[in-house]
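>>> Provided below are the primary sequence and the corresponding predicted coordinates.
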Amino acid sequence: MSVLSRRNFLLSSGAAAMAAMSRPAHAAMGPADKFDLLIKGGDVIDPSQSLRGKRDVGIRWGVVEAIEPEIAADRALRSIDAAGRLVMPGLIDLHSHVYPYGSAIGIPPDELVQFQGTTTVVSAGDAGVNNVAALRRFIAAQSRARIYAFIHIANNGLSAFPVAELYNIDNAQVDACAMALAENPDFLLGVKVRMSENVIFKHGLEPLKRAIKACELCGWPARMMVHIGGVETAELMSQILDLLRPGDVLTHAYSGAPNIGGAFTNIVQDGKLLPAALAAKQRGVLFDVGHGGGSFDFTVAEVAIPGGCGPDVISSDIHVFSGNSPGMPFLPNVMGKFLAIGFSLEQVVSMATSAPAKIISRTPKLGTLQVGAPADIAIVDLVEGPVSFLDTRGNRREGKLQLKPVQTVINGVPFGRPYQSPFSVR
């Protein structure tokens, strides 16, 4: 008889549990059954289904059970009046920093929900192989918001103060990073590297090359998330773009941050879009806003976007410092900035719901209100009237619409109330 190791036992048990979860959780509703929650009278906008219009959303056992023009109020145990408000899939923030206590800049993810309408957040390189287990077990496992992560190529994770994590290139250990990816494919999305001069010192392309190598060794198609802004030289910026693979994410894509010497070395230089940026976009590199406290410049976006490098996803780069910056990079506010520069509401919502859901490979379950999906929902006021938006370099643009979260539902339960759902879909 073969010996069953503890690891094999855990793997086989996990597989059995996943198989059980994949079976239908409940039968179709009978005439006497009631929805656990009804969101009534809202203007539903769900780009994943090309859906826009007044709908009632019925939720049962943590999932969307029905979306119909009218559902009687007495068919639900409780309801939320969403009349006059937008009802959209819970927002997905592809770039955030949600590792409190383990990172100098992390915010508890559940504290962001009421301000952002985010039901899923991605930790963008907060943890490296040395501390990713703590992020997973003590933060992700205890948060109502769903959390996924890009692991940092540096073993110590993102550690900007007082010395950045990649000043010593020995912190970037390929085999260790690849091992962590191989062991956590359900939690990790790929590898993060910060390529700014004030992070990587004089190491050029080496941090990025090591990160890509870790992705290639892990045994599954891990993505890169590559932070730019203040790259050492103009030539290095083009070389970074040339290395990125289809499906990799260029974050802070519209950064105007200068390098240490004050030179502007990002994707727009001397008022012109780098050819390497357009080539990267055309071969499938994904452009992420990653606003943050210093990484979004209207003047860069206004050259890059009409030049063919529009955003694929809108993210906040929210953390304890950026959240207190004049640009106010809370995700709905960042979405409002793209409304102000000419994107439609449907486009902006898509770039914060269905688009990031595809990038994190969680479709068709997340970023959608389709029947059977986890009931992650953001109820938002679309406020009409003059509004002034500020980027991270002091440039101002005027808009006419703001998005203001009112109520967020995670797994069918309004956030801020006791957790009552009979099960949780993670």
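Nice, thanks for sending it over. Residues are numbered from 1 along each chain as shown.
>>> and the strands in the stretch 51-200 of the chain?
51-60, 63-68, 79-81, 86-89, 91-96, 118-124, 146-152, 188-194 (DSSP state E, counting those that start in this stretch).
>>> buried ones in the first one, by neighbour count?
Which is strand 51-60. Buried residues in strand 51-60, counted by 16 or more other C-beta atoms under 10 Å: 51, 52, 55, 56, 57, 58, 59, 60. To be clear about C-beta, it is placed using only N, CA and C from the backbone, and glycine gets the same treatment.
>>> cool, the second one as well?
Residues of strand 63-68 classed as buried under the neighbour-count rule (16+ other C-beta under 10 Å) are 63, 64, 65, 66, 67.
>>> how close does the third one get to residue 77?
What that stands for is residue 65. Residue 65 is 12 Å from residue 77, where distance means C-beta to C-beta, to the nearest Å.
>>> surely residue 153 and residue 191 touch.
Yes: if you go by C-beta atoms under 8 Å, residue 153 and residue 191 touch, sitting 5.4 Å apart.
>>> now the common contact residues for those two.
Common contacts of residue 153 and residue 191 (C-beta atoms under 8 Å, 6 or more residues apart in numbering): 177, 211, 214.
>>> tell me how many other residues crowd the first one.
Put plainly, it is residue 177. The burial count assigned to residue 177 is 28, neighbours taken as other C-beta atoms under 10 Å.
>>> just to revisit the earlier point, closest one of the buried residues of strand 63-68 to residue 352?
residue 64 (18.4 Å; C-beta to C-beta).
>>> which stretches of the stretch 301-426 of the chain form helices?
In the stretch 301-426 of the chain, the helices defined using DSSP state H, counting those that start in this stretch lie at 331-340, 345-350, 354-359.
>>> between the first one and strand 91-96, how many degrees?
An angle of 100 degrees separates the directions of helix 331-340 and strand 91-96 when computed by axes from the mean of the first three to the mean of the last three C-alpha atoms, to 10 degrees.
>>> for residue 108, see how far away residue 161 is.
Distance from residue 161 to residue 108, by C-beta to C-beta: 20 Å.
>>> neighbour count: those two, which is higher?
residue 108 (15 against 7).
>>> hang on, the more buried one packs against residue 145?
No: with contacts counted by C-beta under 8 Å, residue 108 stays clear of residue 145, the gap being 9.3 Å.
>>> quick one: common contacting residues for the two?
Common neighbours of residue 108 and residue 145 (C-beta under 8 Å, 6+ apart) are residue 98.
>>> okay, now the unreliable bits of the chain?
Low-confidence segments of the chain (pLDDT under 70): 1-27, 417-426.
>>> give the full set of residues in contact with the residue nearest the centre of it.
By C-alpha atoms, centre = their mean, the chain has its centre lying nearest to residue 94, at 1.5 Å. Residues near residue 94 by C-beta under 8 Å, 6+ apart: 122, 124, 249, 251, 288, 313, 315, 356, 359, 360.
>>> for residue 412, same thing?
When contacts are counted by C-beta under 8 Å, 6+ apart, residue 412 is found next to 36, 37, 59, 60, 61, 62, 63, 374, 375, 421.
>>> phi first, then psi, for the fifth one.
What that stands for is residue 61. phi 60, psi 40 (degrees, to the nearest 10).
>>> how close does it get to residue 143?
According to C-beta to C-beta, residue 61 stands 21 Å off from residue 143.
>>> with the first one instead?
From residue 36 over to residue 143 the distance is 22 Å, taken as C-beta to C-beta.
>>> who has more neighbours, those two?
residue 36 (20 against 17).
>>> the more buried one against residue 59, yeah?
Yes: with contacts counted by C-beta under 8 Å, residue 36 reaches residue 59, the gap being 5.7 Å.
>>> rewinding a little: from the buried residues of strand 63-68, which single one is nearest residue 182?
residue 63 (31.1 Å).
>>> so that closest one versus residue 84, what's the distance?
26 Å.
>>> and for residue 357?
The value you get for residue 357 to residue 84, if C-beta to C-beta is used, is 27 Å.
>>> with residue 98 instead?
In terms of C-beta to C-beta, residue 98 sits 32 Å off from residue 84.
>>> settle it for me: which of those two has more neighbours?
residue 98 (29 against 10).
>>> quick one, what contacts residue 57?
By C-beta under 8 Å, 6+ apart, residue 57 lies in contact with 38, 39, 42, 44, 64, 66, 67, 87, 369, 375, 377.
>>> and if you look at residue 274?
Per C-beta under 8 Å, 6+ apart, neighbours of residue 274: 237, 238, 241, 267, 268.
>>> phi, psi for it please.
Dihedral pair for residue 274: phi -60, psi 130, per degrees, to the nearest 10.
>>> ok, so of the contacts of residue 274, who is nearest residue 284?
residue 241 (12.5 Å).
>>> just give the closest residue to the closest one, not the sequence neighbours.
Distances taken as C-beta to C-beta, 6 or more residues apart in numbering place residue 276 nearest to residue 241, at 4.0 Å, with adjacent residues excluded.
>>> quick one, strands of the stretch 201-350 of the chain?
223-227, 249-251, 268-269, 272-273, 286-287.
>>> just put the ones you listed in a markdown table and tack on mean neighbour count and distance to residue 196.
What follows is the strands of the stretch 201-350 of the chain, written out as a markdown table (neighbours: other C-beta atoms under 10 Å; distance: least, C-beta to C-beta, whole Å):
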| stretch | mean neighbour count | distance to residue 196 |
| --- | --- | --- |
| strand 223-227 | 25 | 7 |
| strand 249-251 | 28 | 11 |
| strand 268-269 | 20 | 16 |
| strand 272-273 | 14 | 20 |
| strand 286-287 | 24 | 17 |
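>>> and of these, who's closest to residue 129?
Closest among the strands of the stretch 201-350 of the chain, using C-beta to C-beta: strand 223-227, at 16.1 Å.
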